[in-house]
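Undergrad: return atomic coordinates for the entry below.
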Amino acid sequence: EVQLVESGGGSVQAGGSLRLSCTASGFTFDDSEMGWYRQAPGNECELVSRISGDGRTFYADSAKGRFTISQNNAKNTVYLQMNSLKPEDTAVYYCAEEGTPIATIQRCGYWGQGTQVTVSS
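TA: Prediction:
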């Protein structure tokens, strides 16, 4: 059973930084593509970034130049370093195992509770 546990959220002022972590279990992490998604109140779940098993990365336009996704296979953990945070980054952030055949809008909350990020102006 795939288990994902997110942590690292918090409240920061605009321009601040946070580092999110997601620890995985129940599947072969090294071979898997992992993603970070977010959902703000009233909005749909959206992809922020993903990283493949061989380290290739993708970023949504909103994350390019500010966020960095990385992984530590020895710790079965994927990270999202978020810099220059903006109030519009406020959302609950979720990690996802990208090989699971579910729609994008289902990926927020499918595996875990997520971690709240709040950015004040």
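
Undergrad: hey, let's count contacts and neighbours off CA atoms from now on
TA: Noted.

Undergrad: centroid residue for this protein?
TA: In the chain, the residue lying closest to the centroid (Cα atoms, centre = their mean) is Trp36, at 2.4 Å.

Undergrad: and the contacts of stretch 24-40?
TA: 1-5, 45-54, 73, 76-78, 80, 90-99, 107-108 (Cα atoms under 8 Å, 6 or more residues apart in numbering).

Undergrad: ends of it, how far apart?
TA: Chord length of stretch 24-40, first to last residue, is 23 Å (Cα to Cα, to the nearest Å).

Undergrad: can you pull the buried residues of that stretch?
TA: Residues Ala24, Phe29, Asp30, Glu33, Met34, Gly35, Trp36, Tyr37, Arg38, Gln39, Ala40 are the ones in stretch 24-40 that count as buried (16 or more other Cα atoms under 10 Å).

Undergrad: next, the third one: secondary structure please.
TA: Pointing back at Asp30 there. Here Asp30 takes the helix state, with states given by DSSP: H, G, I helix; E, B strand; the rest coil.

Undergrad: mind putting the buried residues of stretch 24-40 into TSV with secondary structure and distance to Leu18?
TA: As requested, the buried residues of stretch 24-40 are arranged in TSV below (DSSP: H, G, I helix; E, B strand; the rest coil; distance: Cα to Cα, whole Å):
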residue	secondary structure	distance to Leu18
Ala24	strand	20
Phe29	helix	23
Asp30	helix	25
Glu33	coil	22
Met34	strand	19
Gly35	strand	17
Trp36	strand	14
Tyr37	strand	15
Arg38	strand	14
Gln39	strand	17
Ala40	coil	17
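
Undergrad: show me which pair in the residues you listed is furthest apart.
TA: Between any two of those, the greatest separation by Cα to Cα is 29.8 Å, found for Asp30 and Ala40.

Undergrad: the nearest residue to Leu18 once chain neighbours are set aside: how many residues sit nearby?
TA: Once flanking residues are discounted, Leu18 sits nearest to Met82: 5.3 Å by Cα to Cα, 6 or more residues apart in numbering. Met82 has 20 neighbours, counted by other Cα atoms under 10 Å.
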